[in-house]
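[1] Sequence and computational prediction follow.
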Amino acid sequence: MRDEPRTYRRWLRNELSRFRVRIGESDLMISAERPLPGLAERALQLVRADLQSYLDRDPAFAASLRPYDPQPDAPQVAREMAEAARLCGVGPMAAVAGAVAEHVGRALLCETKQVIVENGGDIFMRSAQPRTAAIYAGSSPLSGKLGLRVSLVNQGLGLCTSSGTVGPSLSFGKADAAIVLATSAALADAAASALGNRVQAASDIQPALEYLKSIEGVLGGAVVVGDRLGAWGELEMVKLVRVTP
C-alpha cells in the first residue's frame, strides 16, 4: 500500500535509530541499531538498478496481472517477486515494494542485528523483541486505534498492507486494509494484494482469511472494512492509545 503523505509514519515509536532513504519512487523509513543511511542507499540503488534493467528487457513482467515466469537470467529480486506472485495468483509487481524492502533490510543485517524497513506501508523486519504495528486504514473508525503485535523474533519477516480505499496501489477489492504476515516481505506483499482483491464487503472478511491459510509461508492476516475487522494467525490484536495522523 502506498499513501503519498505517509502520515502514518508519525505513529512510529521504537528504541532504534531511524533514518529515511529516498531514490526515485522508493521512499524507505528504516529503523536499525545505529544509523546506516549510506549502506541503505547503496543497497537500494543496487536493487532498483537490477530490477529496472530487467523490466526494460522484459516489459511483460511489469504489465502482467497474473503469475508470470521470468526469463532464466532474471535477477534475484525478480525471481523472488515471481515466486511470491505464483503462490498468491497475482502479478509479480504486486510483490515489488516488499521485495525491495527486504533486499535493503538484509543488506543492513551485516551491521545491525535488528532492522525494520518500511516501504509505503510494506515492511521487512528482523527484531529481537515483539513489535506492534498500528493499523492504518484510511477513514475507517478503527484506523490508529488498533495494532497488530508480532511476537516472532530473530527471524526475517514481512508485514505488508494492501488497500482498495487508500493510496494509488492497484486493488480489485474494497478493503480499507488487508494485512499479511509472512516468511518474506515479497510473499507478504503479494498475499496482501490477493487478500484485498477478495474483499468487496465485510461479509467477505472471513472467507478471504480462510483463503489466506492455503498459501505456504503466510503466517497470519487481518482485514478491515469500515468498522469491521477479522484476523487470523500469528498476529495478536491490541488496543492502542488513540493516535492522530
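    Here it is on my side, so go on.

[2] Which strand or helix spans residue 18?
    strand 17-23 (DSSP states H and E).

[3] starting at the chain centroid, how far to that strand?
    17 Å (Cα atoms, centre = their mean, to the nearest Å).

[4] Quick one: list the elements packing against the next helix or strand after that strand.
    The element immediately downstream of strand 17-23 (helix or strand, assigned by DSSP H and E) is strand 26-32. If you count contacts as 3 or more Cβ pairs under 8 Å, 6 or more residues apart in numbering; DSSP states H and E, strand 26-32 packs onto strand 17-23, helix 37-57, helix 96-108, strand 115-119. Where you see a C-beta, it was placed from the backbone N, CA and C, and this is true even at glycine.

[5] and residue 210, which of these is closest to it?
    helix 96-108 (22.5 Å; Cβ to Cβ).

[6] elements contacting the closest one?
    Right, helix 96-108 is packed against strand 26-32, helix 37-57, helix 76-88, strand 115-119, strand 122-126, strand 157-162, helix 185-197 by 3+ Cβ pairs under 8 Å, 6+ apart.

[7] so it versus strand 26-32, what angle?
    Calculated by axes from the mean of the first three to the mean of the last three Cα atoms, to 10 degrees, helix 96-108 forms an angle of 40 degrees with strand 26-32.

[8] would you turn the helices and strands packed on helix 96-108 into CSV with mean neighbour count, distance to residue 211 and mean pLDDT?
    Below are these laid out as CSV (neighbours: other Cβ atoms under 10 Å; distance: least, Cβ to Cβ, whole Å; pLDDT from 0 to 100):
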stretch, mean neighbour count, distance to residue 211, mean pLDDT
strand 26-32, 21, 30, 96
helix 37-57, 16, 28, 98
helix 76-88, 23, 10, 98
strand 115-119, 26, 25, 97
strand 122-126, 27, 20, 97
strand 157-162, 31, 14, 96
helix 185-197, 33, 7, 97
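
[9] With distance to residue 219 added, can I get those in CSV?
    Compiled in CSV, these are given as follows (distance: least, Cβ to Cβ, whole Å):
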stretch, distance to residue 219
strand 26-32, 21
helix 37-57, 24
helix 76-88, 13
strand 115-119, 17
strand 122-126, 13
strand 157-162, 8
helix 185-197, 9
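
[10] picking that back up, each with direction, which strands does the strand holding residue 18 pair with?
    Paired neighbours of strand 17-23 in the sheet (DSSP bridges): strand 26-32 (antiparallel).

[11] Please save the CA atoms from the partner strand in CSV.
    This file holds the C-alpha atoms of strand 26-32, laid out as CSV (Å, rounded to 0.1, in the frame of the first residue of the first chain):
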residue,chain,number,x,y,z
SER,A,26,11.3,4.4,-3.4
ASP,A,27,10.8,6.1,-0.1
LEU,A,28,12.1,4.0,2.9
MET,A,29,11.8,4.7,6.6
ILE,A,30,14.3,2.5,8.3
SER,A,31,14.9,1.6,12.0
ALA,A,32,18.2,-0.1,13.0
